[in-house]
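J.: Quick check, what structure comes out for this input:
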Amino acid sequence: MSAWKPIADIAADVQNGNVSAISLVEQSLAAIDQHNEFNAIIATTEERARTRAADIDARVAAGKNAGRLAGVPFIAKDNFLVFGAETTAASNILKGFNAPYQSTAIERLEAEGAICVAKANLDAFAHGSSTENSDYFTTLNPHDKTRVPGGSSGGSAASVVLELAPFALGSDTGGSIRLPASFTGCVGYKPTYGLVSRSGVVAMGSSLDCVGPLAQTVTDTACILDVIAGRDELDSTTIERDKAGYELPSTSYDLRTTKIGVIKEYMGEGLDPGVRTQIDSAISKLKAAGAQIVEVSLPSLPLGLAVYYVLCPAEVSSNLSRYDGQRYGHFTQDATDITDSYTRTRQVGFGGEAKRRIMIGTYVLSSGYYDAYYKKAQTVRTKVIDEFAAAFKQVDFLLGPTAPMTAFRIGENASDPLQMYLTDIMTVAANLSGVPAISIPDGESDGLPVGLQLFADQKCDRKLLEFAQAVEGVIV
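T.: Residues are numbered from 1 along each chain as shown. The predicted structure follows:
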C-alpha cells in the first residue's frame with residue numbers, strides 16, 4: 001500500500017482537519033532521512049517547510065481555505081529557484097547560491113497550499129540521462145541500487161517511487177522527465193511547449209525546455225498540471241491554458257472511439273526484447289478494449305537525435321555563458337585578472353559534460369559551420385514538426401516505448417557519451433516538435449520498469465491526460 005493517498009484526498013484531509021500539514025511534512029522528512037542511501041535529495045528545506053505547514057494548519061483552524069493542495073509536500077528538482085535551500089542545479093559553479101526569488105511553478109504550487117520539502121538531485125545543469133553527471137553524487141534506482149534512475153530528473157523520479165513525497169517537479173529538455181519515469185516506474189509528463197512557465201528554472205535549451213510533474217498516477221499528474229499551467233508575464237513563451245483545465249473526472253475516456261498510431265520507427269531494430277514484449281502487451285490490451293490501432297511512420301525521427309544534439313548544445317553554450325564567477329556562485333578568489341578569473345572559475349565549476357556541450361554548441365554556431373550544422377538541423381526540426389502534425393490528422397494519439405531499454409548499470413555508459421546520448425532517442429522528438437508526451441508504467445522486464453510513451457498534438461494536453469488515464473486503467 002502506498003504511503004500517500006491521492007493528492008486531492010491529502011489536501012481534503014488537511015482542509016477538513018483530519019490530518020495536519022505539519023504531520024505530512026514530518027512524514028516526508030522522515031522518509032527522506034530513511035532512504036538517504038539512494039542519493040535522491042541534495043538538500044531539504046525543512047525549516048521553511050515546517051513554518052509553512054504551521055501557517056496552513058493555522059488557516060484551517062481559523063476556518064479559512066488553505067488551497068487545493070493544502071499541506072501536500074513535494075520535491076523540486078534542484079534547477080528550480082526555491083527559498084529555504086541553495087539552488088545549485090547539481091553543479092559546483094552554483095554552490096552557495098541562494099535564490100533571490102522563486103520560480104513561477106513553485107509560487108503557483110505554494111499559492112494553493114503545497115509545501116516544498118526538498119531539492120532533488122539531477123545531472124548538473126540537466127545535462128544527462130542518468131544523474132551520473134551530477135557534481136555531487138549519483139542517484140540510485142529504487143528497484144536496483146546498481147542501476148541508474150534515468151536523468152536528468154533522476155532524483156525527482158526516485159523521490160516519487162521511494163514515496164518521499166506525493167509528487168515532484170522536473171524539467172524535460174529531451175526526455176528528462178519521461179526517461180527517469182520509465183526507468184523508475186512512475187508517471188512523468190512533458191506538457192506542450194510553453195504551457196508551464198520556465199521563469200525561475202535554470203535554463204538549458206530555451207526552445208526545448210519544459211516544466212512538468214512526476215507522480216504515482218495520471219490523476220495526480222493532471223492535478224498538479226492544473227495548478228502550474230497557464231500564461232505568465234515573466235515568461236513570454238507561455239501559452240493560454242485549456243479553458244476546461246486539466247483535472248480529470250473519474251469517468252473513463254472511451255477507447256472505442258480512439259484511433260492510436262504505433263510509431264513504426266520506435267518499434268524496429270535496437271529495441272530491447274523485454275521492452276518490446278511489454279509494449280506489444282499494452283497494444284493488445286488496448287485493442288481488446290476497443291481502440292483502433294494502426295502503424296504510423298514519421299520518416300525523420302531517426303534524425304531527431306542528431307538534430308537535438310546540434311540544437312541543444314548550441315543553446316547550452318549561450319545559456320551557460322552567464323556563469324562567470326563575477327556575480328554569484330563559485331569564483332576564484334586569487335585570480336590575477338578578469339580573464340584568469342573567468343578561465344579558472346569555469347575550469348573548476350563546470351563538469352565534463354557541461355564543457356563538452358559548450359564546446360559542441362560553440363562549434364556549430366561558429367561562422368564556418370553555422371550553415372553546415374545549425375541551419376541544417378533547424379530545417380530537419382521543421383520536418384519533424386510537420387510530420388507530427390500530419391500524423392495527428394490521421395490518428396488521435398501516437399504510442400511507443402519511452403526508452404529502447406530498461407535502466408542500465410551505473411558506469412555502463414559513463415565513458416561513452418554517444419551511447420549515453422542514444423538513451424534519449426525516443427524522447428527528443430517531442431521536445432523538437434513541442435507536442436505533449438507522457439510516460440506511464442507498463443509492467444516490468446527482468447524486474448525493471450518499462451515505460452509506455454503517449455503523444456498528442458500541440459495544445460491537446462487535456463485530451464492526452466484523459467487518454468493516458470484510460471490507458472493506465474487498461475494496461476495495469
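
J.: I'd like the distance between the residue lying closest to Ala456 once chain neighbours are set aside and Ile93.
T.: Using CB to CB, 6 or more residues apart in numbering and skipping residues adjacent in sequence, the residue nearest Ala456 is Leu464, 3.7 Å away. Every C-beta, even on glycine, is put in place using the N, C-alpha and C of the backbone. In this structure, Leu464 and Ile93 are 37 Å apart, going by CB to CB, to the nearest Å.

J.: Name the residues that touch whichever strand or helix holds Ala470?
T.: Counting by DSSP states H and E, the element that carries Ala470 is helix 461-475. With CB atoms under 8 Å, 6 or more residues apart in numbering as the test, helix 461-475 has contacts from 187, 189, 191-192, 195, 217-219, 221-222, 225, 229, 242, 244-246, 248, 252-255, 258, 281-282, 285-286, 289, 396-397, 436-438, 440, 442-443, 452, 454-456.

J.: Show me the residues you listed that map onto helices.
T.: Within the contacts of helix 461-475, residues falling in helices by DSSP state H are 218-219, 221-222, 225, 281-282, 285-286.

J.: just how off-centre is stretch 378-392 within its chain?
T.: 23 Å (CA atoms, centre = their mean, to the nearest Å).

J.: Now it - C-alpha only, PDB.
T.: Output of stretch 378-392 as PDB, limited to C-alpha atoms (Å, rounded to 0.1, in the frame of the first residue of the first chain):
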ATOM      1  CA  GLN A 378      16.700  23.600 -37.900                       C
ATOM      2  CA  THR A 379      15.500  22.600 -41.300                       C
ATOM      3  CA  VAL A 380      15.200  19.000 -40.200                       C
ATOM      4  CA  ARG A 381      13.400  20.100 -37.000                       C
ATOM      5  CA  THR A 382      10.800  21.700 -39.100                       C
ATOM      6  CA  LYS A 383      10.300  18.400 -41.000                       C
ATOM      7  CA  VAL A 384       9.800  16.700 -37.600                       C
ATOM      8  CA  ILE A 385       7.200  19.200 -36.600                       C
ATOM      9  CA  ASP A 386       5.400  18.800 -39.900                       C
ATOM     10  CA  GLU A 387       5.400  15.000 -39.700                       C
ATOM     11  CA  PHE A 388       3.900  15.100 -36.200                       C
ATOM     12  CA  ALA A 389       1.200  17.500 -37.400                       C
ATOM     13  CA  ALA A 390       0.400  15.200 -40.400                       C
ATOM     14  CA  ALA A 391       0.300  12.100 -38.200                       C
ATOM     15  CA  PHE A 392      -2.300  13.700 -35.900                       C
END
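
J.: Buried residues in that stretch, which are they?
T.: 380-381, 383-385, 387-388, 391-392 (16 or more other CB atoms under 10 Å).

J.: ok, the most centrally placed residue in the chain - contacts?
T.: Nearest to the mean C-alpha position of the chain, counting by CA atoms, centre = their mean, stands Ile177 at 2.4 Å. Contacts for Ile177 (CB under 8 Å, 6+ apart) come out as 153, 156-157, 170-171, 188-190, 210, 212, 214, 439.

J.: Look at it and report its pLDDT.
T.: On pLDDT, Ile177 comes in at 98.

J.: Let me see the backbone angles for Asn141.
T.: phi -70, psi 130 (degrees, to the nearest 10).

J.: Excluding covalently adjacent residues, which one is nearest to Lys127?
T.: You called it Lys, but residue 127 is His. Glu353 (4.5 Å).

J.: what about that neighbour, helix or strand, and which?
T.: helix 352-365.

J.: Identify all contacting residues around the very next helix or strand once past that helix.
T.: Per DSSP H and E, helix 352-365 leads on to helix 376-391 as the next helix or strand towards the C-terminus. Applying CB under 8 Å, 6+ apart, the external contacts of helix 376-391 come out as 261, 296, 298-301, 303-304, 306-307, 310-311, 364, 398, 429, 432-435, 455, 457.

J.: Pull out the buried residues from stretch 127-140.
T.: In stretch 127-140, counting by 16+ other CB under 10 Å, buried: 127-136, 138-140.

J.: so which of the residues you listed comes closest to Leu29?
T.: Thr139 (18.3 Å; CB to CB).

J.: Quick one: residues contacting the closest one.
T.: Here Thr139 is in contact with 38-40, 121, 131, 148-149, 154-155, 158 (criterion: CB under 8 Å, 6+ apart).

J.: Drop anything exposed from those residues.
T.: 38-40, 121, 131, 148-149, 154-155, 158.

J.: just to revisit the earlier point, from the contacts of helix 376-391, which would you call buried?
T.: Buried among the contacts of helix 376-391 (16+ other CB under 10 Å): 261, 296, 298, 300-301, 303-304, 307, 310-311, 364, 398, 429, 432-435, 455, 457.

J.: Those residues in strands, which ones?
T.: 261, 296, 398, 455 (DSSP state E).

J.: Check the residues you listed and tell me the two furthest apart.
T.: So, these by CB to CB: farthest apart are Val296 and Phe455, at 10.3 Å.

J.: who touches both of these two?
T.: Leu398.

J.: Check the offset of stretch 261-270 from the chain's centre.
T.: 23 Å.

J.: what is the rounded mean pLDDT of that stretch?
T.: What stretch 261-270 shows for mean pLDDT is 96.

J.: do stretch 119-134 as well
T.: For stretch 119-134, the per-residue pLDDT averages 98.

J.: Of the buried ones among the contacts of Thr139, just say which sits nearest to Leu24.
T.: Using CB to CB, Ala40 is the member of those that lies nearest Leu24, at 18.4 Å.

J.: and the gap between that closest one and Asp416?
T.: Taking CB to CB, one finds Ala40 at 25 Å from Asp416.

J.: And the residue located most distally from the centre of the chain, how far from Arg344?
T.: Residue farthest from the centre of the chain, counting by CA atoms, centre = their mean, is Thr336 at 41.0 Å. From Thr336 across to Arg344, the span is 9 Å (CB to CB).

J.: One more: Leu311?
T.: 30 Å.

J.: Out of the contacts of Ile177, which sit inside strands?
T.: 170-171, 188-190, 210, 212, 214, 439.

J.: of those residues, buried ones?
T.: Applying 16+ other CB under 10 Å to those flags 170-171, 188-190, 210, 212, 214, 439 as buried.

J.: Just put the residues you listed in a markdown table and tack on pLDDT and distance to Met359.
T.: Listed next are those as a markdown table, based on pLDDT from 0 to 100; distance: CB to CB, whole Å:
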| residue | pLDDT | distance to Met359 |
| --- | --- | --- |
| Gly170 | 98 | 26 |
| Ser171 | 98 | 23 |
| Gly188 | 99 | 30 |
| Tyr189 | 99 | 32 |
| Lys190 | 98 | 27 |
| Cys210 | 98 | 25 |
| Gly212 | 98 | 29 |
| Leu214 | 99 | 31 |
| Ser439 | 99 | 31 |
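
J.: hmm, back to that, give the contact list for the residue nearest to His127.
T.: Per CB under 8 Å, 6+ apart, neighbours of Glu353: 123-124, 127-128, 133, 417.
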